[in-house]
Every structure is written in structure tokens, then in C-alpha cells.
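> just coords:
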RNA sequence: CGGGGCGUAGCGUAGCCUGGCUAGCGCGCCUGGAUCGGGACCAGGAGGUCGCGAGUUCGAAUCUCGCCGCCCCGACCA
């Protein structure tokens, strides 16, 4: 590729619309341009990098035995109604109407389509297992698109769906995708950690997310330095024992009954922990009110803990819930937040965190503004429907496996593997006949990679104050030849042309900066876009019979011009290992 | 959806509070010159519905109202 014939509109200044480094670089390096919020055009360099990532994904999916297909982005609502997700997913749909006013949806994901396909085509256990994948545009009406490609309305995703006869077989498919993902991100030059992920409403044990550690990530990953444990904070547990466990239990008969005491103006755990009350946070019960299908539900955790809404979703079996409004709370409990408690509450389901189990002599709100209760014993005074892990793990707590301190880091989710079970195959009748001729639902798995997000994650991870430094595997061009004099009759340019030809013939993705620009401009641009290797050719060094080799992340060296091509080829072979 | 900020040429911005004649600057772009190893230099030039619409006013980029768009935070933590 000749630079003068390509289109790489680099920007000297940072567009005001971009906040984070990778987004700024996407724009500055001329990789993308915005059409509207969350909608981007890929320019030649951006598209080339994207295609390289896609190709790596394709190769690894094929190697894992998955079959590439392409499904429609425009989908009939009926299949979503059949799966039951038409309502629950309605928030993310972009909808369209045809000339007959019939409604269609732009696919935010493809479980319904692929399962419909399987339902029609798969009849026998002999056809299984099968794993279908596609690389395709998804449409999601995000609440707030942001950070360029990181969270967009329209984005490219690789999604794969496996169909198996049994749970065990499905686990094999799952493992095979997991392994493929590890290879994919490794080949993309990305440090992506598999972490245990929340399985949400669908439940089940098997779900991992692939996370790229980054300050701008939208997820929190809990992990232990030595690697034995890593989980999304939504799912994470720790080896911490309840602070109440160390307090000796007594027979409830010998304990005083709970009593009310005045706490004027006290609305927070912290206030109650200070003088004159001095009730330690871990001796308080925090009472939170949520609304599920217009009905209240109470969640209790220790005063020092935070409720984990993902865990709440797991308990409730739905993500359709919300925190209650103060007015609603007052209607149900007779007090506003700050004085809430569960003592004496009988009509409302109460879930309590495991740490509260058996708790005695605790303090909680009295459901009367300005009053709290003390000497509360959970078993005796509160009608707990069930105990569950509801709390959010905090940094420094012991790892559940090794006991070493846990750390928390923000990260970008680039991939997710998920064992689905039979939810969709049952709803959409994707069944097969087993050896006994009995009809069985396929056991499914789904596996996604945000291709466009992966591109940005690479940039977020591979950048310095000059610009991007692409890993060789995903660089839009691998070698940039930079003649410092662009006049075609010059020896410098002829040398550049010769390199260009030799490297192109050797199959190297090479760009020749044949623009009539001053050297400084060429250097800056090539560093901004981030080609892994630059060959600088100037008349000074050429007089000495030498050219300059400058890896984007290495030191400049001069070598004889007739050794340059071999040197670069060797360097690339080395870098590609 | 709630809160905050912003909208002036392709990009970055000044001017707005305190209304006033041809809306200024840098980058980029075009022409010419000179230069040719780190976004250098000189001269000339093109490019603007000041987001859109209403209103106030003799007069609006500037004040008021409405709308649209963009960015950030939030939409849990009592």
C-alpha cells in the first residue's frame, strides 16, 4: 500500500469528544470517524486492523471445529416471543416497521435465530455436536453509548452457539471454546484474563468472561495475585468469615428482648457507629428495600457490607427489579430510609446474607423515623425467608482458595463464554432423537467476542505518549517504509521502492510513505498509527550504504541496505512467535 | 430517564458574563517561494446558516424560552 493512495487522516489535535486514550487514538490515528453517538465508520487503517482480529478469531474458531454461518440482523419478533425474551429484552431492541406496518427487530444477539435453525435442521443425535458461529453486526439500544467502540449502538460481534446431546458433551464444547478464546486473545497480543462470571438469571455453573485489565474498564474483577482465583465482582466470593462468627452465641432465653431507642437525625450506618451510639458497623443490620413486580422484598446485610445486585438477581430469578422509592418504602414499612428494619415484618419476603446467620444482639432500624432497635437476634426476631450470599467482596479479603489477599481491578470485557443449558432449545423446540428414539432438547452454549471492542482494548493496552504500538498480529500494516526524500528519481526513493517490492512479494503487509511531506511529519504519523516496524531511508545514511530500522517499541539501528529486507523478515518471524 | 457540561470553518479554540460596524486566532487545506533527518519557515488565499426555531431589542454568536445534538456522571449502596 502506498500512503499517498490510501486514506489515513491523522489528527494533530485531540478531538474534544473523546475522553479516554484509546478513543482519542482511534480518532487521531484516522482509524474511525463518528457518524452519530455510538455509530462509527471504519476507515481503511481501522478496518484492516479489525479484519486481522476477525481473521484470528475465524482461524481459531475453525480450528476448534466451529462452523461459520451468517444470520440475518433483521429478525421477526415472533421468535423472541417464543423464547420469552421479547418482553425482558425489549429495552435493548431497535425496532423497525415495514411498509405493511409489520414490526421487526434488529438483532441484539442471535440465540433465537440459531435455535430456530437448529430446530428445523437437527433431528438426530448423529448430527451432534454442532457449533455455529458468525461475525456480524449487532444492534443494541444502549442506555448510554460511550468511549467510542467500547459501548456502541452498533458493533461487530463474533457469536458462537453450540448444540450437544448431553450436559457432559456440552461441557466439552464449552471447554473447547474457552481454550480457543485463550488462544485468540493471546494471538491478538492482548492480556485477557478468564474470570468466573455471573450466570445471572439463567443460572448454572459455567460462565467465564475474558477481561482486559484497564483503568477505563466498566467491570470490576476480583483476583488473587498468584492466579488461582479470578472472578467478576458480581459473582466473587471470599474466604472471609462473618465478623459475627467469633462472638460466642448464647441461648436466646438468656438474652434481653429487643428494645427501641431514640436516634434523632441518624440516617446512616456511619452516624450510628459514632458517638454517642458507637455501634460498630458489623453489629448493625442494613435493610434494603427492592421492588419486584410491584411487590416489596427486603434484603439484609451487615452494616459494613454492600448488597450485590447481581446476586440478588440470582436469588430472585429475574433481573426485573429495582430499588424502592422512599415514598413506597414509607407506605410499606412506615419509615423512611435511615430507620428501616425487618423486625416484626411478616408480609414482606426477607432475604438475609449468610454473614447474619445466627446473629445476636444487633442493631437495626425500628421502622419509625428517628428510632432504632437494639438487642435484636436474627433467629428470634426476624422472619428470614432464606439466607444467601448477598454481599459484595471487598479488596483485601482472603481468597476463597488460597487465603491470600484479594485484589480488585477494573477491566474491559472482551469475551464471554456461557453454558446455556436447554432454556432456548426447549422454548424453541430444538430437539433431537437419542439412541432410544426419544426426543431430547439440545444442550446449548453460547460464546461471544466483541470484535470492535477487542480492537479498542488492544489500543487501550498498547499505547504510549506517541500513539499506538500495534502487536504485529493485528497491525493494519506491519512495516512502514519511510523515505525521507520523496522525489521519485532520488536514490532514496528508489531504495524505498525496492524494499517495498521485496517485502510485498514476501507477503509482508507493508506501507510506503511516498507522501511529499517533511520527515518529521512522516515519523510522527507512523508512530501515531503505530506500525510495529519502520524502515527509515535518508540520503545521509544511504551515502554510508546504510538504512535505519526502528521497531515501534525498540531502539533504532543502522544496517547495510542490502541486509535490510532479510533483517526485517527475521524480525517479523521472531515477533510472530 | 435524572444531574452536570458543551455546541463558533475539517480539528482545537477566543469572543458570550457587560448586545454594537467586515466574528478573531492556531492547526489543517489551496497557490507560490524557499527548505529537505522529528508535526520547521516566508508570502498570498479559500473556507462560517456562530446547532435549529421562536422571542426581547433600533441591533443578537452574546439576553430569554423551546427543541436538537454531543460529552461526562448517575440511574444500587438508606
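Noted; the coordinates are in hand. Values in this document were obtained by computation on a predicted structure and should not be read as measured data.
> Please say whether there is contact between the helix or strand hosting residue A:47 and RNA strand B.
Residue A:47 is part of helix A:44-63 when elements are defined by DSSP states H and E. No. Applying Cβ under 7 Å from any atom of the strand, one finds helix A:44-63 out of contact with RNA strand B, separated by at least 13.9 Å. C-beta here means a position set from N, CA and C on the backbone, and glycine is covered the same way.
> Mind listing residues that contact the helix or strand following that helix?
Next along the chain after helix A:44-63, taking DSSP H and E as the criterion, comes strand A:67-68. Under the criterion Cβ atoms under 8 Å, 6 or more residues apart in numbering, residues A:58, A:61, A:62, A:130, A:131, A:132, A:133, A:134, A:135 lie in contact with strand A:67-68.
> Can you name the element that comes right after strand A:67-68?
Downstream of strand A:67-68, the next assigned helix or strand under DSSP H and E is strand A:74-75.
> Please list the residues outside that next one that contact it.
Residues from elsewhere that reach strand A:74-75 (Cβ under 8 Å, 6+ apart): A:96, A:104, A:105, A:106, A:107, A:112, A:113.
> Stretch A:244-251 now?
Contacts for stretch A:244-251 (Cβ under 8 Å, 6+ apart): A:282, A:302, A:355, A:356, A:358, A:359, A:360.
> and stretch A:528-537, anywhere near RNA strand B?
Yes. On the criterion Cβ under 7 Å from any atom of the strand, stretch A:528-537 is in touch with RNA strand B at A:528, A:536, A:537.
> ranking these by neighbours, who comes first?
Top of the residues of stretch A:528-537 next to RNA strand B by neighbour number is residue A:537, holding 25 neighbours under the definition other Cβ atoms under 10 Å.
> got the contact list for that residue?
By Cβ under 8 Å, 6+ apart, residue A:537 lies in contact with A:481, A:482, A:483, A:484, A:492, A:495, A:496, A:499, A:547, A:548, A:561.
> Repeat the analysis, applying 7 Å as the threshold.
Applying Cβ atoms under 7 Å, 6 or more residues apart in numbering, we find residue A:537 in contact with A:482, A:483, A:484, A:492, A:495, A:496, A:547.
> Mind telling me what element the residue most central in space within chain A is part of?
In chain A, the C-alpha nearest the mean C-alpha coordinate belongs to residue A:413, at 1.8 Å (Cα atoms, centre = their mean). Residue A:413 belongs to strand A:406-421 when assigned by DSSP H and E.
> That strand pairs with which strands?
Looking at strand A:406-421 with DSSP bridges, its partner strands are strand A:207-213 (antiparallel), strand A:219-224 (antiparallel), strand A:443-450 (antiparallel).
> Show the average pLDDT along that strand.
Averaged over strand A:406-421, pLDDT sits at 91.
> Which residues belonging to it are considered buried?
Going by neighbour count (16 or more other Cβ atoms under 10 Å), the buried part of strand A:406-421 is A:406, A:408-409, A:411-421.
> Near RNA strand B, which residues of the stretch 301-450 of chain A are found?
So the stretch 301-450 of chain A meets RNA strand B at A:306, A:307, A:309, A:322, A:323, A:324, A:326, A:329, A:337, A:338, A:340 (Cβ under 7 Å from any atom of the strand).
> ok, 10 Å please
Selection of the stretch 301-450 of chain A residues close to RNA strand B by Cβ under 10 Å from any atom of the strand yields A:301, A:303, A:305-309, A:312, A:321-326, A:328-330, A:333, A:335-340, A:365, A:392.
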